[in-house]
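Student: Quick one, structure for this:
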Amino acid sequence: MKTLFLSPPSFDGFDGGAGARYQARREIRSFWYPTWLAQPAALVPDSKLMDCPPHDIDVKTCLAEAKAFDHVIIHTSTPSLKNDCKVAEAIKAQKPGTVIGFVGAHAAVLPAETLKASPAIDWVGRKEFDYTCKEVAEGRPLSEVTGLSYRKDGKVLHNPEREMIPNMDALPWVTDVYKRDLQIEKYSIGYLKEPYVSLYTGRGCPAQCIFCLWPQTIGGHKYRVRSAQNVAAEMAHAKKLFPQAQEFFFDDDTFTANLPRAREIAKQLKPLGMTWSCNSRANVNYETLKLMKDCGLRLLLVGYESGNQAILDRIKKGVTVEEMRQFTRHCHELGIVIHGTFILGLPVETRETIEETIRFAMELDVFSIQVSLAAPYPGTELYELARQNGWFAPQDKSAVIDNLGIQDSSLQYPGLNKEQIFEEVERFYRQYYFRARPIWRIVKTMLRDKNVMVRRLREGYEFFKFMSQRKQHTAAA
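Tutor: Numbering: from 1, shown residues only. This is a model prediction of the structure:
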């Protein structure tokens, strides 16, 4: 079947792609690549990948495009499911014979509930869905495709589980799909150079963090990786495909989970003379950091999450506050830029632990930060703990975003309600950035490059506009 892989239109600025750690609008316009859709698209001949939000494709244009396809595969998520169902129903209404499948973490964890969400959905892919998509596109009967759930005679049926992909080198490269179907200039992340390109060199993560979505729902806790030779070959290919790309980002949950492999990839990237960045835990040793820096590493995206050790232990972070301090000092010494991410509302947050995290972030003084709200997605240990302990606020448990696509607080604890947790995000940003050193760091980057100046001014406008919308949210609540 002629197959369309689709990230549907949604809220203005909504990043619901499979590369997004949180499906929501961010403080500035930010979009990750839809790598989880691009991978099966690379397996299906004559397919097309359409990523609507970053390309500003509206529903009318999306439907007109979908009409040319027999088979549409939609990546969905917990916060976007209702909207995605509406798009699927519109596709079905204009061409009833279209076969529609839903994939993504929500569909993997709640296949029956996802199928019941709309009669327009014909099948749902569970866990790793690359070859599931391929086999359905080939016309194989739904009843014979492993890792798939479907509806028959009004009943939801679940086929046997599909084996996790053992050889990641067997998967085709996604960069050719990017080149064919995406405009890389449409993708922007505030802390990465523009334009950038991101992809995975492996799936799964050995860490046990209770809030992290992908390892607990799709990728698993075993880090299954592509060989260093395979990664380096695709990066050499990507440089030719995208000569305009200023930076390449490895979006593995934890690229540094396998240090010998990380060092080997770095060595093979050095002759390419490329600038690259990756996700990292805050416990990489100095020698590895130095080697990666010498081989083109520019930035590490680091999940610090909290400055309170009891919370870090409770969420099974596996790193101590002191290890984080030492790691950060090493990065500062080596000139490695850090974008640090923090989460408010983790078990069991208090006003005192929030203040401790803010002070910790200011002490670390990394180049930039992101402050998110704890998102208890179905399928995560955080969700189960919230359910068992009564931490959910009195609202729809799936309401991890509001009606504007802004991330909302779903959890509350004794002495700290959801509105207070929500408001603390702005205070965190204000106390962190309204200091001399962060302001001067940003100004220096603006003075060095006129294009960066224009970008930072735009992002500043977007940031303050976003914060104004959050205040309206609070007032409405």
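
Student: going forward, measure contacts between C-alpha atoms and count neighbours the same way
Tutor: OK.

Student: if I pick Ser188, what's in contact with it?
Tutor: Counting by C-alpha atoms under 8 Å, 6 or more residues apart in numbering, Ser188 touches Arg29, Ser30, Phe31, Trp32, Glu194, Pro195, Tyr196.

Student: Next, the fifth one: secondary structure please.
Tutor: Okay, so that is Glu194. Secondary structure state of Glu194, per DSSP: H, G, I helix; E, B strand; the rest coil, is coil.

Student: Repeat that for the first one.
Tutor: Here Arg29 is recorded as coil under three-state DSSP.

Student: List phi and psi for it.
Tutor: Per-residue torsions, Arg29: phi -60, psi 120 (degrees, to the nearest 10).

Student: Which residue, other than its chain neighbours, is closest to it?
Tutor: Gly13 (6.0 Å; C-alpha to C-alpha, 6 or more residues apart in numbering).

Student: Just list the residues touching Gly13, thanks.
Tutor: Arg25, Arg26, Arg29, Ser30, Pro53, Pro54.

Student: quick one: which of those is nearest Arg151?
Tutor: Taking C-alpha to C-alpha as the measure, Arg151 sits nearest to Pro53 out of those, at 29.6 Å.

Student: Where do the helices of the stretch 201-350 of the chain begin and end?
Tutor: 213-214, 228-241, 259-269, 286-294, 309-314, 321-334 (DSSP state H, counting those that start in this stretch).

Student: Tell me which residues are up against the first one.
Tutor: Applying C-alpha under 8 Å, 6+ apart, the external contacts of helix 213-214 come out as Arg21, Ala105, Gly204, Gly220, Asp253, Tyr377, Gly379, Thr380.

Student: Tell me how far the first one lies from Asp253.
Tutor: Pointing back at Arg21 there. Using C-alpha to C-alpha, to the nearest Å, Arg21 is found at 9 Å from Asp253.

Student: who's more crowded, those two?
Tutor: Comparing Arg21 with Asp253 by other C-alpha atoms under 10 Å, the one with more neighbours is Asp253, at 27 against 15.

Student: Show the contacting residues for Met446.
Tutor: Val452, Met453, Val454, Arg456.

Student: export the helices of the stretch 201-350 of the chain to CSV and tack on distance to Ala68?
Tutor: Formatted as CSV, the helices of the stretch 201-350 of the chain follow (distance: least, C-alpha to C-alpha, whole Å):
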stretch, distance to Ala68
helix 213-214, 32
helix 228-241, 27
helix 259-269, 41
helix 286-294, 46
helix 309-314, 50
helix 321-334, 50
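
Student: tally of neighbours for the closest residue to Thr114 other than its chain neighbours?
Tutor: Distance criterion C-alpha to C-alpha, 6+ apart; nearest residue to Thr114, sequence neighbours excluded, is Ala107 at 5.7 Å. Using other C-alpha under 10 Å, Ala107 is surrounded by 27 other residues.

Student: was I right about Ala107 contacting Ala117?
Tutor: No. The criterion here is C-alpha atoms under 8 Å, and Ala107 misses it with Ala117 at 10.5 Å.

Student: Tell me the secondary structure at Leu385.
Tutor: Reducing the assignment at Leu385 to three states with three-state DSSP gives helix.

Student: what's around it, how many residues?
Tutor: 15.

Student: which one is it nearest to, not counting chain neighbours?
Tutor: Using C-alpha to C-alpha, 6+ apart, the closest residue to Leu385 is Trp391 (8.0 Å).

Student: Okay, buried residues for stretch 343-351 please.
Tutor: By neighbour count on 16 or more other C-alpha atoms under 10 Å, the buried set for stretch 343-351 is Ile343, Leu344, Gly345, Leu346, Pro347, Val348, Glu349, Thr350.

Student: Excluding covalently adjacent residues, which one is nearest to the last one?
Tutor: In other words, Thr350. Leu416 (6.2 Å).

Student: Is it possible to get CSV of the contacts of Gly13 that adds pLDDT?
Tutor: Compiled in CSV, the contacts of Gly13 are given as follows (pLDDT from 0 to 100):
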residue, pLDDT
Arg25, 89
Arg26, 88
Arg29, 90
Ser30, 93
Pro53, 94
Pro54, 95
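
Student: got TSV for these, with neighbour count and distance to Leu299 too?
Tutor: Converted to TSV, these look like this (neighbours: other C-alpha atoms under 10 Å; distance: C-alpha to C-alpha, whole Å):
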residue	neighbour count	distance to Leu299
Arg25	21	23
Arg26	22	20
Arg29	20	20
Ser30	20	17
Pro53	21	26
Pro54	27	23
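
Student: before we move on, back to that, and the helices of the stretch 201-350 of the chain: which comes nearest Ile74?
Tutor: Per C-alpha to C-alpha, nearest to Ile74 of these: helix 213-214, 17.3 Å.

Student: Run the chain-centre distance for that closest one.
Tutor: 9 Å (C-alpha atoms, centre = their mean, to the nearest Å).

Student: Stretch 379-391 now?
Tutor: 21 Å.

Student: Now that stretch: buried residues?
Tutor: Here stretch 379-391 shows Gly379, Thr380, Glu381, Leu382, Tyr383, Ala386, Trp391 as buried, counting by 16+ other C-alpha under 10 Å.

Student: Run through who's touching that stretch.
Tutor: So stretch 379-391 is contacted by 106, 109, 210-213, 216-217, 376-378, 392, 411-413 (C-alpha under 8 Å, 6+ apart).

Student: one more time with 7 Å
Tutor: Val109, Ile210, Phe211, Leu213, Gln216, Thr217, Pro376, Tyr377, Phe392, Leu411, Gln412, Tyr413 (C-alpha atoms under 7 Å, 6 or more residues apart in numbering).
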